[in-house]
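[1] structure, please.
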Amino acid sequence: MCELFAMSSRVPATLGFSLERLARHGGAEGPHRDGWGLAFYEGADCLLLREPRPASESPLMQFMEHQGLRTKLGLCHIRLATFGALALRNTQPFARELSGRMHVFAHNGDMPTLADLQAKHPARFSPVGDSDSERAFCGLMTALAPVWDDVWGEVPDLTTRLAVIADYARELRALGPANFIYSDSDALFVHADRRTQPNGQLSAPGLYLLQRYCWRTAPELQEAGVNLCSIRQDVALIASVPLTDERWEPLGEGDLIALRDGLCFGADGRQVEPERVAGRQPMPLA
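    So this is what the prediction gives:
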């Protein structure tokens with residue numbers, strides 16, 4: 001199966017340490033040699049980088065590990081192909097525009113009968129490649145499109161979006177493992193399901209969550225004339241498997257959460273207070 005990674009933070013941060021750990025699984029320490037992709041958000045737009053080659057052997061990935069952009073919202077995927085050819089068109093994350101925003105999606109799991117589900121939905125969005133993951137994304141976008149059409153130029157209510165995603169995810173789970181991360185630039189939505197575990201069993205957890213906060217200096221604010229020497233940084237990380245020796249929280253089968261500015265919101269749209277350890281941080285925030 002593929003591996004997913006995502007970050008949501010209060011202030012922009014780099015992903016270098018986590019990317020380096022994840023890239024090792026993309027060929028050097030794992031079988032995920034069939035492609036990788038990164039999405040860095042800046043407001044409503046995002047920079048999308050993808051290659052149908054092992055992440056551990058990619059000079060571009062190595063460059064992003066050391067010189068990557070600062071972002072408040074980033075997604076990453078390393079691929080172990082099960083459906084679709086080894087090609088750029090099947091390399092995740094996938095992206096589509098809707099209501100003037102870039103929407104990005106990455107999936108881990110197998111859903112061979114997904115075409116049957118898509119027959120229920122109008123084909124407003126169509127896949128470029130032939131993977132089940134992109135089909136899942138197109139179906140999700142089709143389901144969400146009316147919500148965004150109703151508030152063109154604005155962001156729909158978080159609970160409304162969560163409800164649509166929950167209904168669609170429920171259908172996906174019936175077809176096979178459906179771990180996915182999806183962002184509409186405003187929030188990062190995380191749906192956890194089952195995953196093939198080291199013992200060969202298909203079971204939860206399919207994703208893990210790590211939430212931390214720390215205080216960091218802010219020289220860029222001083223340069224802008226703001227008299228503030230430090231700011232609080234909230235960070236939430238999502239990964240298919242823990243990337244550090246910290247206390248990652250396993251998500252249960254069917255769990256759906258939203259992350260915004262490093263904070264976590266449950267399926268009802270209410271903020272979930274994380275367990276916080278002062279003075280610790282999940283990743284370098286340089």
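[2] drop to CA atoms for contacts and neighbour counts, all remaining ones
    OK.
[3] partners of residue 256 in the sheet?
    residue 191 (DSSP bridges).
[4] so what's it up against?
    Taking Cα atoms under 8 Å, 6 or more residues apart in numbering as the contact definition, residue 256 lies against 162, 166, 189, 190, 191, 192, 266, 267.
[5] using CSV, please lay out the residues you listed together with pLDDT, distance to residue 205 and neighbour count.
    Formatted as CSV, the contacts of residue 256 follow (pLDDT from 0 to 100; distance: Cα to Cα, whole Å; neighbours: other Cα atoms under 10 Å):
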residue, pLDDT, distance to residue 205, neighbour count
162, 97, 21, 21
166, 97, 18, 18
189, 98, 17, 23
190, 97, 13, 21
191, 97, 11, 24
192, 96, 7, 27
266, 90, 17, 16
267, 84, 18, 20
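[6] these: which two are farthest apart?
    162 and 192 (13.7 Å; Cα to Cα).
[7] how much space between residue 182 and residue 252?
    Note on residue 182: its distance to residue 252, by Cα to Cα, to the nearest Å, is 18 Å.
[8] more neighbours: which of the two?
    Set side by side, residue 182 and residue 252 show more neighbours around residue 182, with 24 against 17, by other Cα atoms under 10 Å.
[9] in terms of secondary structure, what does the helix or strand hosting that one contact?
    If you go by DSSP states H and E, residue 182 is part of strand 179-183. Packing partners of strand 179-183 (3 or more Cα pairs under 8 Å, 6 or more residues apart in numbering; DSSP states H and E): strand 3-13, strand 101-108, strand 188-191.
[10] tilt between that strand and strand 3-13?
    Note on geometry: by axes from the mean of the first three to the mean of the last three Cα atoms, to 10 degrees, strand 179-183 and strand 3-13 are set 30 degrees apart in direction.
[11] paired strands for strand 179-183, with orientation please.
    In the sheet, strand 179-183 lines up with strand 101-108 (antiparallel), strand 188-191 (antiparallel) (DSSP bridges).
[12] now these as JSON lines including distance to residue 79?
    Listed next are those as JSON lines, based on distance: least, Cα to Cα, whole Å:
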{"stretch": "strand 101-108", "distance to residue 79": "9"}
{"stretch": "strand 188-191", "distance to residue 79": "18"}
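[13] of the ones you listed, which is nearest residue 240?
    Within the strands paired with strand 179-183, the stretch nearest residue 240 is strand 101-108; the backing value is 8.6 Å (Cα to Cα).
[14] what's the offset of that closest one from the middle of its chain?
    Relative to its parent chain, strand 101-108 has a centroid offset of 7 Å by Cα atoms, centre = their mean, to the nearest Å.
[15] now do it: everything it contacts.
    1-4, 39, 44-46, 75-77, 92-97, 133, 137, 177-185.
[16] now a PyMOL select for only the buried ones of the residues you listed.
    Selection command for PyMOL covering only the buried members of these, criterion 16 or more other Cα atoms under 10 Å:
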select buried, resi 1+2+3+4+39+45+46+75+76+77+92+93+94+95+133+137+177+178+179+180+181+182+183+184+185
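[17] can you give me the buried ones in stretch 40-60?
    40-42, 45-46, 48-56, 58.
[18] for that stretch, output the C-alpha coordinates as CSV.
    Output of stretch 40-60 as CSV, limited to C-alpha atoms (Å, rounded to 0.1, in the frame of the first residue of the first chain):
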residue,chain,number,x,y,z
PHE,A,40,2.5,23.1,-0.8
TYR,A,41,-0.3,25.5,-0.3
GLU,A,42,-0.1,29.3,-0.5
GLY,A,43,-3.5,30.7,0.1
ALA,A,44,-6.0,29.3,-2.4
ASP,A,45,-3.3,28.0,-4.7
CYS,A,46,-0.7,25.3,-4.4
LEU,A,47,2.6,24.2,-5.8
LEU,A,48,2.3,20.6,-7.0
LEU,A,49,5.4,18.4,-7.6
ARG,A,50,5.2,14.8,-8.8
GLU,A,51,7.5,12.2,-10.2
PRO,A,52,6.8,8.6,-11.2
ARG,A,53,10.1,7.5,-9.7
PRO,A,54,11.3,6.4,-6.2
ALA,A,55,11.4,9.3,-3.7
SER,A,56,14.6,8.0,-2.2
GLU,A,57,16.4,8.4,-5.5
SER,A,58,15.0,11.7,-6.6
PRO,A,59,17.2,14.8,-6.7
LEU,A,60,14.1,16.9,-6.7
